[in-house]
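>>> Quick one, what's the 3D model for this:
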Amino acid sequence: MMKPLMLPGLLFIILLAACNNGSEQKKGQQSLADDTTRAPTPAPHEDRPAFRSDTIFGDYKITVLTRGDATMRNLLIGVAPKNDTTRTDTIIERDIKGILKGFAVADINKDHQPELYCFTTSSGTGSFGKVYAYGIRREGLVRINTEVLDTLQQAGYNGRDSFYIKGNEFIRTFPAYREDSPEALTENAMKIVRYRLEKAGVGFRLVEAR
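All right, here's what the predicted structure looks like:
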C-alpha cells in the first residue's frame, strides 16, 4: 500500500505543471497580441510599365514602353515582323530624360523603311522636349542622331515643345517669348521649326530644313 506521505508530493507536481501551462498560454496570448500591433508585410512591388503602347506599321509590330520613375526611367522598344512575333529586335535606352508623352512612326525620307520617333517632356515649368529616334531596318534598329533638336538656339525659345510628322518633315512647335520678358509671348505666338532626315555614314540624322 502507498504511503500517505507521497500524496502531497504528487499534488505539488500537478500544481506546478498547471502553473507552467498557464504561464505558457499567457506568453502565447501576449505574443499574438504583439503580432497584431506589427506593421503589415508590404505587398510585393509590381514592376508595371509607366507607359506602354503597341502599333502596327507596314510589316512591323512595334511596342514602346517605359519602366521606372523620376529617379531612373528606361525606354524599351521591341520591333517584330507582324506575322512572326517570335523574332523581336529590342533596344533599351537607359535613364531617359523626361516623361514619355507619345511616339510616331513614319517614313519621312521615303526609303520604304520606317522610323520611330519617341517624344519626352521634362518635368517643371519649362517642359522642354526631347526626341529619341530610331530607324527600323531589316537587320535591326538603328539610332538616329537628334543633336540638332537638343541644341536648338532660337530667340524666344523657352520650352513647351510639341512634335509631330507632316509629309516628309519632322515638325517642332513651341510658344515664342519676347527676349526682354520670358513670360510674355510675341505677337507671332507659335514658332515652327521643320526638320528632314538624311543619311549620315552608316546611320541617319535629323537636320533643319531650309
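>>> make it CA atoms for all contacts and neighbour counts henceforth
OK.
>>> What's the first helix or strand after the helix or strand bottoming out on mean pLDDT in the chain?
Ranked by mean pLDDT, DSSP states H and E, the weakest helix or strand in the chain is helix 6-37, scoring a mean of 44. The helix or strand immediately downstream of helix 6-37 is strand 51-57, counting by DSSP states H and E.
>>> So which elements touch that following strand?
On a contact count with 3 or more CA pairs under 8 Å, 6 or more residues apart in numbering; DSSP states H and E, strand 51-57 meets strand 60-69.
>>> helices and strands around the following helix or strand past the strand it packs on, which ones?
Elements were assigned by DSSP H and E; along the chain past strand 60-69, the next helix or strand is strand 72-81. Contacts defined by 3+ CA pairs under 8 Å, 6+ apart place strand 72-81 against strand 60-69, strand 89-93.
>>> ok, now which ones touch the closest residue to residue 100 other than its chain neighbours?
With CA to CA, 6 or more residues apart in numbering as the criterion, residue 100 has its nearest non-adjacent residue at 4.2 Å, and that residue is residue 120. Listed by CA atoms under 8 Å, 6 or more residues apart in numbering, the contact set of residue 120 reads 97, 98, 99, 100, 101, 102, 129, 130, 131.
>>> Tell me who's in contact with residue 193.
Applying CA under 8 Å, 6+ apart, the residues contacting residue 193 are 171, 172, 173, 208.
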